[in-house]
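>>> Only the shape, not the letters, is given here:
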């Protein structure tokens, strides 16, 4: 994990999790004010940190992001919002930066109040441990049911300056894109003005984090945050310039890798499956249908059981609300054509299809033969382990 110029991070254990000595408090710090862009959950039930941090993002500048795991600080009323503000105030005081430039984020159990005495001691500890090498600890500290930390870095040259883009994320369950999903924090030392930064984040999010789903659930705490502090020394990036397009490609690459890491760490998953819908009349229709298939418990359990039950796929697309001619549909599992003109392909054998489903990663392609639009969604299977994890999450 490479630290962009001017950034430090840390992760510590302050006792918010039941696990002894488990890291549960992370801090990302920019030594100079950074422009900030952010996207937040569309769930109408929004955690206190989301409500607080949206206002910070609107102001446009950020110096620090303080993130706790083990407690979502959601459905906690006025006390929850007061605790989020106090967390920002504690962090700003310890760093000697304006409280209005501190973002707050939380993840964990819903409905419990934060143990502010533990968090107060933790803030002092995490500030003392800030280091350019601390992003790995920070990535560990934001984990909940994740089995591994998620970190991505890329370097590129812009205007003769070396630019770094680095990001950390958490997420394994309650993954369903609704503007943003899970928690992701991306930092760059490139010089990018606020409006351009916001536009890039919205565009990149649509093709990365907004194209993954584990279980179709949207959290109360989801946010994606992008910081740019300009410390690399490049000229400010303007849309249309060659350097802009190179930066955009690298940024979207980091976001895409983080999104895929979340899917590959999906709760209880044994498969990673790309659902691709082609030949739709409109892109939004293709996306809607792909998500309907990706969310189907019957499709997901068939994938887990390595059962090539294409009838479940047909039933799901028919219930997607997207107009199409069922007699024109074709379906393939990887390169194995299983449905043509809405009917089973003659000569298709269960053994050939089963060999595809036995792979850890594969693609299901649905062609509507109606237009030129297409969309893909990354998803997982639904396993016994997923049920076990979520049946005992609070205990």
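Sure, I can see it. Values in this document were obtained by computation on a predicted structure and should not be read as measured data. Numbering: from 1, shown residues only.
>>> For residue 293, see how far away residue 315 is.
Separation of residue 315 from residue 293 (CB to CB, to the nearest Å): 10 Å. (Glycine included, C-beta is placed from N, CA and C.)
>>> ok, these two, which is more surrounded?
A side-by-side neighbour count of residue 315 and residue 293, using other CB atoms under 10 Å, places residue 293 first with 26 against 14.
>>> I'd guessed the more buried one sits against residue 318; true?
No. Judged on CB atoms under 8 Å, residue 293 makes no contact with residue 318 at a distance of 10.6 Å.
>>> list the buried ones in the longest strand along the chain?
When the chain is parsed with DSSP state E, its longest strand is strand 25-40. For strand 25-40, the neighbour count (16 or more other CB atoms under 10 Å) marks 25-30, 33-40 as buried.
>>> ok, residue 383 - contacts?
Contacts of residue 383 were listed using CB atoms under 8 Å, 6 or more residues apart in numbering, and they are 268-270, 304.
>>> who wins for most neighbours among the residues you listed?
residue 269 leads the contacts of residue 383 on contacts (other CB under 10 Å) with 24 neighbours.
>>> how close does residue 223 get to residue 291?
Taken as CB to CB, the span from residue 223 to residue 291 is 21 Å.
>>> before we move on, back to that, for the contacts of residue 383, which one is nearest residue 376?
Using CB to CB, residue 269 comes nearest to residue 376 of those, at 17.5 Å.
>>> Work out for me the element the closest one sits within.
Per DSSP states H and E, residue 269 falls between elements, in no helix or strand.
>>> Show me where the stretch 151-300 of the chain has its helices.
Under the criterion DSSP state H, counting those that start in this stretch, the stretch 151-300 of the chain contains helices at 194-207, 242-264, 283-295, 297-304.
>>> Tell me, how many residues neighbour the closest residue to residue 357 other than its chain neighbours?
Excluding its sequence neighbours, the residue lying closest to residue 357 (CB to CB, 6 or more residues apart in numbering) is residue 306, at 4.2 Å. Residue 306: 16 surrounding residues under other CB under 10 Å.
>>> sec struct for residue 306, please.
Recorded secondary structure, residue 306: coil (DSSP: H, G, I helix; E, B strand; the rest coil).
>>> Contacts only, for it.
Contacts for residue 306 (CB under 8 Å, 6+ apart) come out as 354, 357-358.
>>> cool, and residue 256?
Counting by CB under 8 Å, 6+ apart, residue 256 touches 207-208.
>>> what about 10 Å?
Contacts for residue 256 (CB atoms under 10 Å, 6 or more residues apart in numbering) come out as 152, 204, 207-209, 211-212, 378.
>>> Over to residue 129?
Applying CB under 10 Å, 6+ apart, we find residue 129 in contact with 8-12, 27, 137-138.
>>> mind checking pLDDT for the nearest residue to residue 159 once chain neighbours are set aside?
Nearest-residue entry for residue 159: residue 234, 4.3 Å, with adjacent residues in sequence omitted and distances by CB to CB, 6+ apart. As predicted, residue 234 sits at a pLDDT of 94.
>>> Just to check, residue 234 is in contact with residue 243?
Yes. Using CB atoms under 10 Å, residue 234 is in contact with residue 243, at 7.1 Å.
>>> residue ranges with poor pLDDT in the stretch 101-250 of the chain?
Judged against pLDDT under 70, the low-scoring parts of the stretch 101-250 of the chain cover residues 174-181.
>>> at 90 what do you get?
For the stretch 101-250 of the chain, applying pLDDT under 90 flags the ranges 144-145, 159-160, 171-182, 213-220, 238, 240-242.
>>> residue ranges for the strands of it, please.
Using DSSP state E, counting those that start in this stretch, the strands of the stretch 101-250 of the chain run over 102-109, 150-158, 161-170, 183-188, 212-213, 223-228.
>>> Just put these in JSON lines and tack on mean neighbour count and distance to residue 4.
Listed next are the strands of the stretch 101-250 of the chain as JSON lines, based on neighbours: other CB atoms under 10 Å; distance: least, CB to CB, whole Å:
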{"stretch": "strand 102-109", "mean neighbour count": "26", "distance to residue 4": "17"}
{"stretch": "strand 150-158", "mean neighbour count": "18", "distance to residue 4": "8"}
{"stretch": "strand 161-170", "mean neighbour count": "24", "distance to residue 4": "4"}
{"stretch": "strand 183-188", "mean neighbour count": "28", "distance to residue 4": "5"}
{"stretch": "strand 212-213", "mean neighbour count": "25", "distance to residue 4": "25"}
{"stretch": "strand 223-228", "mean neighbour count": "28", "distance to residue 4": "9"}
